[in-house]
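> this one's sequence-less:
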């Protein structure tokens, strides 16, 4: 059965190459896609070929590319390889694009994910020429059944001058009805409260509205999402999960958290996934999640009967979990909601719900400022993503990572981080496999002692203690003791020798 | 006429000394007060004397002190001088307390002002033993008429085991009815939308609820707020205001701001005040303000018929403006609203209203990260206050300062700031007397060029350009070009020589 129920759009079915030919060489393109789910899989590849051909002929062809967050190799990878991206927002995790960015060959505006859609409406990002959106189907009234991520698709469809749709037959038809597309946003002074008070609440409609006359092409595909396997949790990850569970137990015992905890937010990646797995065996029941992406661990938690409902903007599953979900979609469907990222990450909703935010980090300094994005202060890894939306507004804001990286050559706890994504006010709990530091209500000097003692690796702890002792003697001021001349010495040593440790 | 209409509380009137005697030597005290308005003026002084006597007798006496924000010398100054503060939150601008903090003799937890009340309810800050609250009067039903600031008073009264009231006859009786105390907050999972959609809207009640049985003392006072004169705007401040007005005109012309602008938020201080004064002669009418404090400039703007209404949590006026306001309270009263700071600074409301946030800064780095709090990375000046609440959630987030300080010995634009309060995602517009940099939608490398060109002082500009050129050649990564070995060289030179400029 065709997934295109509207004849006028059935008539616009064409090849990916024909659709790619409709895109102007210096234009702005808004694509679907969030952490490897629901991104267009055919038109960007065809577009990359067209760009390569143009460049071979000596013609310029570089786009401004907007998405939900990261996508797949068929989008960021192919376009970056073709040198077809001049400017990228709001997030990237593609290795080829990352290299271009870090060589200074591509401009990258790394954004709070909640702000992408409202800033696009504000207008200073410029016009959006073409939206390229993967959907699961087109209904007879022209409305669109979303795919495995929602991201900024609503906004791209509304803002773009023309729309190209990829209808992906690989996506499960049972996704229909799972989405909640809220059309109540506006520009000030016309904004009103977002009426969401529970993670499972539906405040919108299950489809995207789309004016069929804006649709210039429909491309049919049958391609899987980029579902990557998760690593089995390592010992470090299990230790981190253990410390966190102990903290939650303590907070429940103190009466500071309900026994069902509060809506969980969990960043993307193996540690976050390990924490979710750890909760399967924990004492907490009737949990909920209000988060960005649904990973394997959350589905596990749901299968174990621990997690009642989960709200996100995208799936980010391993191939096995995707297969489980697709096979048992009926069991999960009513307990999952996918929303636009401006709602999944909205500060208003996050603060109201009181999320428990759990995010990874590259490093933290002794006063608790966290770097989530830049290696050695200058080379971007991925981006801030939704961590700023959640951390500042969370009921409890947690950052976690193993205490060392690169086989011990990098310390996660450093005297000072040369890039800050989360200021110390937004970092309440730090966790490494060494232990947990509860920084709530402490001054920077108190934080420094606790972070070094509880979180740093023993190979680096004496040097950190020595640094702090000397900073407490010699620093210009004592609110946040700092030695300017050696604050970045460890990072510089790594740049020069590949190892933060002194020879 | 007595301002204490409830006989049972009239019966609790006593001297400040007798009231101070009711406070335990190792307890936590929540005081009223926000930027020199509405803080208790008698009991803290008596408390300081008691502490000095205890210390002279060899007895320990150090308090944990919570307030709205800064207070007056009779509170922070007197208690710090007596060495009576062990721990302070959420903000301080008192010079004696500042010195103690920067010598490492007092712990200071510098907080986002919107988070103080909810975090006090969360419980991890510990119990609140005594609230000491200035009010304008006590009504027959025991409810309290707030004074010239609201701050966290509602929460202190609700949370404290015992309450001491200072009834200040100096406060204008016409303040009654100006306040809007919202009692709809809760801990999650019971939080609901805050129903505020316009700056002038009232969503609460004009009085504090207070159980009279918790009141252990009432002290009558007749003392002025600490109203400090504003400096007449200097040439630099006028130039900053001029650049900002030009930017607003441009945004209105582009259709990106309405001609009445959007609700103005303006930080505390002379520059902010100069911008308000500049708007008196600007082309914008029917403006509104949703801000933390009402300064002289806002009243001027209101008197000029340009500003319709203003919402804040406190007044912060010069003695002249306070006299004008007191004389003409009837003209201003219906157009001003004072709210709890958890509402005046609430991210939910700020983002909904789309505030134009204008805040001062100590320094900004070439990528646009802003330091609002720490001199040379370690010595705290005041605190982050509400700047983080407003900057991250604003429709337009502006930071401003003259391009140099200390007669040219300090550059406001530096290669890297050794303390970050506002990450570059939260800094959209930078303004100095040299010019304005519109950083919206730009990558860090693009931002660096624009900031140096438009905002830095000519005495430092060549050195910044040279740094950037070398960083673009030698940096580990090119997303945010950085030279780790000299990132803080200017700050270190200042620490050593008192001048950032090379000899």
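Yep, that arrived. For clarity, every value in this text was computed on a predicted model and none was experimentally measured. Residues are numbered from 1 along each chain as shown, chains lettered A, B, ... in the order given.

> next, count neighbours for residue A:275.
By other C-beta atoms under 10 Å in any protein chain shown, 27 other residues sit near residue A:275. Placement of C-beta: from N, CA and C, glycine included.

> also residue A:331?
Neighbour count of residue A:331, defined by other C-beta under 10 Å: 12.

> secondary structure element for it, which one?
Element membership of residue A:331 [criterion: DSSP states H and E] is helix A:329-332.

> and that helix, what's buried?
Within helix A:329-332, the residues scored as buried using 16 or more other C-beta atoms under 10 Å in any protein chain shown are residue A:332.

> same deal with stretch A:440-447?
By neighbour count with 16+ other C-beta under 10 Å, stretch A:440-447 contains the buried residues A:440-445, A:447.

> show me where the stretch 1-150 of chain A has its strands.
Here the stretch 1-150 of chain A has its strands, by DSSP state E, counting those that start in this stretch, at A:28-31, A:63-66, A:85-89, A:107-108, A:130-138, A:144-146.

> what of the stretch 201-350 of chain A?
Going by DSSP E, counting those that start in this stretch, the stretch 201-350 of chain A shows strands at A:215-221, A:264-266, A:287-290, A:293-294, A:307-312, A:314-315, A:336-338.

> so how far is the longest one off the chain centroid?
In terms of C-alpha atoms, centre = their mean, to the nearest Å, the centre of strand A:215-221 is set 27 Å apart from its chain centre.

> still on that earlier bit, with distance to chain B added, can I get the buried residues of stretch A:440-447 in JSON lines?
Supplementary listing: the buried residues of stretch A:440-447 in JSON lines, determined by distance: C-beta to the nearest C-beta, whole Å:
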{"residue": "A:440", "distance to chain B": "4"}
{"residue": "A:441", "distance to chain B": "5"}
{"residue": "A:442", "distance to chain B": "7"}
{"residue": "A:443", "distance to chain B": "4"}
{"residue": "A:444", "distance to chain B": "8"}
{"residue": "A:445", "distance to chain B": "7"}
{"residue": "A:447", "distance to chain B": "9"}
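
> just the residues contacting the lowest-mean-pLDDT helix or strand in chain A, thanks.
Least confident element among the helices and strands of chain A, by mean pLDDT, DSSP states H and E: helix A:329-332 (a mean of 86). Contacting residues not belonging to helix A:329-332 are listed as A:172, A:174-175, A:299, A:302, A:325 [C-beta atoms under 8 Å, 6 or more residues apart in numbering or on different chains].

> going through those residues, which ones are buried?
For the contacts of helix A:329-332, a burial check counting by 16+ other C-beta under 10 Å picks out A:172, A:175, A:299, A:302, A:325.

> shouldn't the last one be in contact with residue A:319?
No - with contact taken as C-beta atoms under 8 Å, residue A:325 and residue A:319 are classed as non-touching, separated by 10.8 Å.

> in terms of helices and strands, where is the residue lying closest to residue A:366 once chain neighbours are set aside?
Leaving out its chain neighbours, the residue that sits closest to residue A:366 by C-beta to C-beta, 6 or more residues apart in numbering or on different chains is residue A:448, at 4.2 Å. Under the criterion of DSSP H and E, residue A:448 resides in helix A:444-455.

> name the helices or strands packed onto that helix?
Packing contacts for helix A:444-455, counted by 3 or more C-beta pairs under 8 Å, 6 or more residues apart in numbering or on different chains; DSSP states H and E, involve strand A:413-414, strand A:429-432, strand A:435-438, helix A:461-474.

> tell me the first helix or strand C-terminal of the longest one.
Which is helix A:461-474. Scanning forward in sequence from helix A:461-474 by DSSP H and E, the next helix or strand is helix A:489-497.

> is that following helix anywhere near chain B?
Yes - shown here: helix A:489-497 in contact with chain B (C-beta under 8 Å from any C-beta of the partner chain) through A:491-492, A:495.

> tell me the most packed of the residues you listed, by neighbour count.
When neighbours are counted by other C-beta under 10 Å, residue A:491 leads the residues of helix A:489-497 next to chain B with 27 neighbours.

> what's near enough to touch the nearest residue to it once chain neighbours are set aside?
Excluding the flanking residues, the one nearest residue A:491 by C-beta to C-beta, 6+ apart is residue A:376, at 5.0 Å. The contact partners of residue A:376, by C-beta under 8 Å, 6+ apart, come to A:418, A:491, A:494-495, B:476-477, B:482, B:484.

> any idea how far the residue nearest to residue A:366 lies from residue B:370?
23 Å (C-beta to C-beta, to the nearest Å).

> ok, now residue A:495?
Per C-beta to C-beta, residue A:495 is found 26 Å from residue B:370.

> likewise for residue A:200?
Separation of residue A:200 from residue B:370 (C-beta to C-beta): 39 Å.

> so for stretch A:404-413, what gets flagged as buried?
Buried-residue list, stretch A:404-413, by 16+ other C-beta under 10 Å: A:404, A:410-413.

> centre of the chain versus it, how much separation?
Relative to its parent chain, stretch A:404-413 has a centroid offset of 23 Å by C-alpha atoms, centre = their mean.

> show me what that stretch is in contact with.
Stretch A:404-413 is touched from outside by A:361-366, A:401-403, A:432, A:451-452, A:455-457, A:459-460, A:464, A:490, A:494, A:498-501, with contacts defined as C-beta under 8 Å, 6+ apart.

> where does chain A have low pLDDT?
For chain A, the stretches with pLDDT under 70 are A:1.

> and the longest helix for it?
helix A:235-253 (DSSP state H).

> per-domain residue ranges of chain A.
A:7-221, A:235-497 (the TED database).

> ok, the first one near chain B or not?
Yes - shown here: domain A:7-221 in contact with chain B (C-beta under 8 Å from any C-beta) through A:87, A:89, A:101-104, A:107-112, A:115, A:119, A:122-126, A:187-189, A:191-195, A:197-198.

> show me what contacts residue A:88?
With C-beta under 8 Å, 6+ apart, residue A:88 has these contacts: A:64-65, A:76, A:97, A:101, A:106-109.

> check residue A:243 too.
Residue A:243 sits next to A:431, A:433, A:435-436 when contact means C-beta under 8 Å, 6+ apart.

> can you flag the buried ones in the contacts of stretch A:404-413?
Those of the contacts of stretch A:404-413 that meet the buried threshold are A:361-366, A:401-403, A:432, A:451-452, A:455-457, A:460, A:464, A:490, A:494, A:500-501, by 16+ other C-beta under 10 Å.

> ok, what's across the strand from residue A:168?
Note on residue A:168: beta-bridge partners residue A:221, judged by DSSP bridges.
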